[in-house]
Structure formats: structure tokens, C-alpha cells
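**Q** how would this look folded up:
(one chain, ligands or ions: 2)
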Amino acid sequence: MPTPQLFHHQQEFQLESGATLPGFQLAYTTYGTLNPQRSNVVWVCHALTGSSDFTDWWCDLFGEDKFYDPREWFVICANTLGGCYGSTGPLSINPKTLQPYFHTFPQFTNRDVVRAFDLLRQELELERIHTLIGGSLGGQQALEWALVQPDVFERLVHVASNARHSPWGIAFNETQRMAIRQDPSWESSTANAGKEGMKTARAIAMLSYRHYKTYNESQQEPGHSITEDFRAASYQVYQGEKLAQRFNAYTYWLLSKAMDSHNVGRDRGGVEKALTQLKPRTLIVGVNSDLLFPVEEQYFLHEHVESSSFYLINSSYGHDGFLVEFEQLTEAIKDFYQQDKLKAALNYEEQQW
Ligand SMILES: CC(=O)SCCNC(=O)CCNC(=O)[C@H](O)C(C)(C)COP(=O)(O)OP(=O)(O)OC[C@H]1O[C@@H](n2cnc3c(N)ncnc32)[C@H](O)[C@@H]1OP(=O)(O)O
Ligand SMILES: N[C@@H](CCO)C(=O)O
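**A** Ligands and ions are numbered 1, 2, ... in the order given. Okay, the predicted model is just below:
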């Protein structure tokens with residue numbers, strides 16, 4: 001298991017809203033070794049509740065004898081700003097008050113997050129990134145970052161995500177925040193404020209991360225006799241409890257709002273125009289059963305990102321299919337990289353003529 005390291009930014013950091021943070025830290029994990037040409041860097045952006053340890057939640061993609069083998073690649077992932085896996089977030093101490101931020105942590109956007117990531121990238125002197133990859137919220141951040149730093153990223157792998165968060169997605173997120181607001185403890189300034197509400201929020205979110213078929217396959221009752229205490233019910237409760245063991249409601253709230261505000265077209269003349277500015281070679285991946293980021297959103301990206309490649313994962317797992325369908329995701333990336341080789345071969349042939 002790679003151990004996270006810390007990057008400290010000591011200067012004041014202005015957010016898109018105009019609010020400021022008096023500096024921040026990012027926890028980041030690296031895996032593998034940078035080659036002498038510094039050409040083997042893969043940067044991973046994690047999803048809503050992920051950590052910088054991609055070998056934990058994308059374990060079948062990164063690891064020895066996996067597609068991204070650390071003997072070949074240098075992989076890096078930072079926990080998002082506002083996160084709860086080592087980066088500065090609402091439970092961190094505000095150096096100005098010497099108290100935890102809690103509710104006073106300023107709202108940020110994906111643009112703020114990727115500006116923070118970029119300061120880390122510059123500190124590590126990673127001038128070129130072979131592949132920037134992210135799923136869901138991480139895909140939103142990756143797309144933003146590729147737009148603001150057009151000369152850094154050679155390839156973008158954008159998984160189960162979108163160019164602008166949809167009214168449907170915002171409605172899901174607001175419904176989850178309603179559950180947090182309903183929790184009386186949310187009014188308090190304590191580390192556990194809103195935890196009960198967050199459990200309900202996670203249970204609601206599961207309905208958008210999975211699919212009718214996922215529940216049918218894993219939560220079907222074996223017999224016909226029961227009238228209550230259904231498996232599907234205890235599953236919902238368990239998923240809320242499980243998240244509450246490792247997450248806080250402040251980060252959940254802030255990240256869900258960052259997701260809502262995602263719109264690559266903001267101040268860029270609209271989404272379509274912004275997408276024409278995207279420079280890296282891009283692979284768009286969707287999951288055919290995704291209810292939260294439906295495939296229409298990835299087809300839209302494919303249509304507007306020039307020369308992009310497209311891969312549709314076939315899964316009954318819904319949106320979270322991007323975290324579990326490793327074989328198909330590996331195949332998608334392998335095919336995408338294969339096109340580099342074909343292009344190089346064609347260029348070589350052209351030169352011979
Ligand atoms: C340090 C860290 O934790 S880093 C963060 C790790 N997580 C992330 O990065 C987020 C991304 N990962 C995820 O979203 C998820 O882990 C996924 C999508 C990859 C897989 O989801 P899971 O919840 O693990 O799988 P699944 O939906 O099959 O649920 C399995 C769990 O539900 C439990 N369960 C299944 N059915 C029921 C039921 N009827 N009643 C109660 N519990 C049930 C299982 O016992 C299992 O429990 P466990 O996780 O304690 O072993
Ligand atoms: N299952 C994901 C959220 C959907 O991207 C997570 O917990 O981060």
C-alpha cells in the first residue's frame with residue numbers, strides 16, 4: 001500500500017466565489033517510479049467519497065500485473081480539497097481561529113479543486129502528464145483541469161461523467177442535502193454534525209449509483225413468505241452506516257455542491273464552445289445502465305470533443321459500474337492506447353513515402 005504524502009500551500013488561496021482559504025494541504029499518493037524522460041505519469045481524480053489511495057478503490061486497474069503496473073507507470077492521485085482523507089477540509093483547523101472550520105469552510109467548485117491540484121503538479125515538476133483519468137466527480141474535475149491546462153495533458157480518460165451537471169443530478173444532490181438538513185445535529189459545530197442525515201443521504205444516493213437490476217440480482221429474497229425485514233431494506237441502512245464510519249457530512253455537503261456547480265461552459269461561451277478547446281486525445285467512457293450520468297451525457301461529449309474515442313461499458317451495476325467493471329475499462333484504455341501505436345505507424349509510413 002503506498003503511503004500518502006502531504007503538499008502544503010502556505011499562501012492565501014482565492015476561490016472562484018471570491019472567498020479565501022489561508023493556505024491548504026493536499027494528501028497525495030504516488031505509485032511506481034518516474035522514468036528518466038518523465039513520460040509515464042498517470043494522474044487519477046477520485047470520485048465523491050474516494051481517497052487518494054487509488055490502489056484501494058480501483059485496485060484491479062492499478063497494481064503489479066494490472067494494466068497500470070507500477071513497474072511501468074508513475075501514478076499519482078490527490079485527495080480533493082475539502083476532502084476528509086488528509087487534505088484540508090471542514091474538520092481541519094482554521095489557522096486564523098485555531099478552531100475547526102466546520103460550517104465556515106468556504107464553498108468551492110471543481111475549478112478551485114483543480115487549481116489546487118495544479119499547484120501540487122507544479123511543485124512536483126510534472127510538466128507533461130501521459131494520461132489524466134477520472135470517474136464521476138473525478139471525471140468532472142479531470143475535464144475542467146484539461147481545459148485550464150491545455151499543454152500539460154496528453155490524454156484524457158473521462159469515465160461515467162459529464163460536461164455540465166444535469167438538473168436530475170442536482171435534484172438528487174439537493175434531496176440528499178435535505179436529509180442532512182433534517183438532522184437536528186447539523187445545526188451544531190461538532191465533527192459528527194449531520195451524520196444521521198448523511199446516512200439517509202447515502203441511502204438515497206445508492207438509488208442513483210446502482211440500478212433496478214443490481215438490486216434484483218443482489219437483494220432478492222430467497223423465499224416467498226416474509227412481509228418485512230427485507231434484504232433490500234437492511235442493505236440501504238447498512239450502506240448509510242458504512243459511509244458514516246469513514247466520512248463526514250460537511251465534506252459530503254461541499255463536494256455535492258461542487259458537483260452541482262460543474263459546468264465547463266461557465267464563462268467560456270457555453271459547453272459546446274468550451275469542448276472545442278479541449279486539447280488532449282480523449283477517451284469518453286459510459287456505463288449503459290448509468291442512471292445518474294446517463295449515456296446521453298457521454299454521447300454528447302463524444303460528439304463535441306473532436307476526434308474523441310468512445311467506449312460503452314455493458315453492466316447491470318449502474319453508475320458504480322465504473323468502479324467494478326475493470327475488465328471492460330481496461331479493454332477501453334488498452335484500445336485507446338493502441339490507437340497511438342497505429343497513428344505512429346501511419347506517420348512512419350507517410351514519412352517513408
Ligand atoms: C479508506 C477508504 O475507505 S477509501 C474509500 C473507498 N471507497 C471509495 O473510494 C468509493 C468508491 N467505492 C464504492 O463506491 C464502493 O466500494 C463500490 C461501488 C466499489 C462497491 O460497493 P460496496 O458497498 O462495497 O459493495 P456492495 O454494494 O456489493 O455492498 C457490499 C456490502 O454490503 C453488505 N450487504 C450486502 N447485502 C446486504 C444486506 N442485505 N443487508 C446488509 N448489508 C448487506 C455486504 O456484507 C458488504 O459489506 P462490507 O462492505 O462491510 O463487506
Ligand atoms: N460510489 C461513488 C460515488 C459515485 O461516483 C463513491 O462513493 O465515491
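
**Q** stretch 51-65 near ligand 2 at all?
**A** No - against ligand 2, stretch 51-65 shows no contacts by CB under 6 Å from any ligand atom, the least distance being 7.6 Å. Quick note: C-beta positions are derived from backbone N, CA and C, even for glycine.

**Q** please save the CA atoms from that stretch in PDB.
**A** Taking C-alpha atoms only, stretch 51-65 is exported to PDB below (Å, rounded to 0.1, in the frame of the first residue of the first chain):
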ATOM      1  CA  SER A  51      -9.400   8.800  -1.200                       C
ATOM      2  CA  SER A  52      -6.000   9.400  -2.800                       C
ATOM      3  CA  ASP A  53      -5.300   5.600  -2.500                       C
ATOM      4  CA  PHE A  54      -6.500   4.500  -5.900                       C
ATOM      5  CA  THR A  55      -5.000   1.100  -5.200                       C
ATOM      6  CA  ASP A  56      -7.800   0.700  -2.700                       C
ATOM      7  CA  TRP A  57     -10.800   1.700  -4.800                       C
ATOM      8  CA  TRP A  58      -9.500   1.000  -8.400                       C
ATOM      9  CA  CYS A  59      -7.400  -2.000  -7.300                       C
ATOM     10  CA  ASP A  60      -7.900  -4.100 -10.400                       C
ATOM     11  CA  LEU A  61      -6.700  -1.300 -12.700                       C
ATOM     12  CA  PHE A  62      -3.600  -0.300 -10.700                       C
ATOM     13  CA  GLY A  63      -1.100  -2.800  -9.300                       C
ATOM     14  CA  GLU A  64       1.600  -5.300 -10.300                       C
ATOM     15  CA  ASP A  65       0.400  -7.300 -13.300                       C
END
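
**Q** I'd like the average pLDDT over that stretch.
**A** Here stretch 51-65 scores 96 as its mean pLDDT.

**Q** report the buried residues of that stretch.
**A** 51-55, 57-58, 61-63 (16 or more other CB atoms under 10 Å).

**Q** ok, of those residues, which one's closest to ligand 2?
**A** Checking the buried residues of stretch 51-65 against ligand 2 by CB to the nearest ligand atom gives residue 57 as the nearest, at 7.6 Å.

**Q** show me what counts as buried in stretch 35-55.
**A** Buried residues in stretch 35-55 (16+ other CB under 10 Å): 40-55.

**Q** let me see the ranges of the helices in the chain.
**A** 54-57, 110-123, 137-148, 167-182, 195-209, 212-219, 231-244, 249-260, 271-276, 295-304, 321-324, 326-352 (DSSP state H).

**Q** report the distance from the fourth one to the chain centre.
**A** Averaged C-alpha coordinates place helix 167-182 at 19 Å from its chain's average position (CA atoms, centre = their mean, to the nearest Å).

**Q** show the average pLDDT along it.
**A** On average, helix 167-182 scores 98.

**Q** what's the answer for the third one, then?
**A** Over the span of helix 137-148, the pLDDT mean works out to 98.

**Q** list the helices and strands that helix packs on?
**A** strand 41-45, helix 110-123, strand 131-135, strand 155-159, helix 249-260 (3 or more CB pairs under 8 Å, 6 or more residues apart in numbering; DSSP states H and E).

**Q** CA-only coordinates of the third one in PDB, if you can.
**A** The one in question is strand 131-135. In PDB, the C-alpha atoms belonging to strand 131-135 read as follows (Å, rounded to 0.1, in the frame of the first residue of the first chain):
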ATOM      1  CA  THR A 131      -2.900  10.300 -19.000                       C
ATOM      2  CA  LEU A 132      -5.400  12.200 -16.800                       C
ATOM      3  CA  ILE A 133      -8.100   9.800 -15.700                       C
ATOM      4  CA  GLY A 134     -11.200  10.300 -13.500                       C
ATOM      5  CA  GLY A 135     -14.700   8.900 -13.000                       C
END
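
**Q** tell me which strands that strand pairs with, and in which orientation.
**A** Next to strand 131-135 in the sheet, as set by DSSP bridges, lie strand 41-45 (parallel), strand 155-159 (parallel).

**Q** the closest residue to residue 198 other than its chain neighbours - how many residues pack around it?
**A** Closest residue in space to residue 198, ignoring its immediate chain neighbours: residue 249 at 4.1 Å, by CB to CB, 6 or more residues apart in numbering. By the criterion of other CB atoms under 10 Å, residue 249 has 27 neighbours.

**Q** related to what we said a few turns ago, deepest in the core, which of the helices of the chain is it.
**A** helix 137-148 (a mean of 25; mean count of other CB atoms under 10 Å).

**Q** let me have the strands paired with strand 131-135 in JSON lines, extended by mean pLDDT.
**A** Listed next are the strands paired with strand 131-135 as JSON lines, based on pLDDT from 0 to 100:
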{"stretch": "strand 41-45", "mean pLDDT": "98"}
{"stretch": "strand 155-159", "mean pLDDT": "98"}
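
**Q** okay, the ones you listed in JSON lines with distance to residue 335 next?
**A** Output for the strands paired with strand 131-135, formatted as JSON lines (distance: least, CB to CB, whole Å):
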{"stretch": "strand 41-45", "distance to residue 335": "17"}
{"stretch": "strand 155-159", "distance to residue 335": "11"}
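
**Q** tell me which of these sits nearest to ligand 2.
**A** strand 155-159 (9.6 Å).

**Q** and the closest one, anywhere near ligand 1?
**A** No - under the criterion of CB under 6 Å from any ligand atom, ligand 1 is not reached by strand 155-159; the shortest gap measures 12.6 Å.

**Q** having no further points to raise, I will conclude here.
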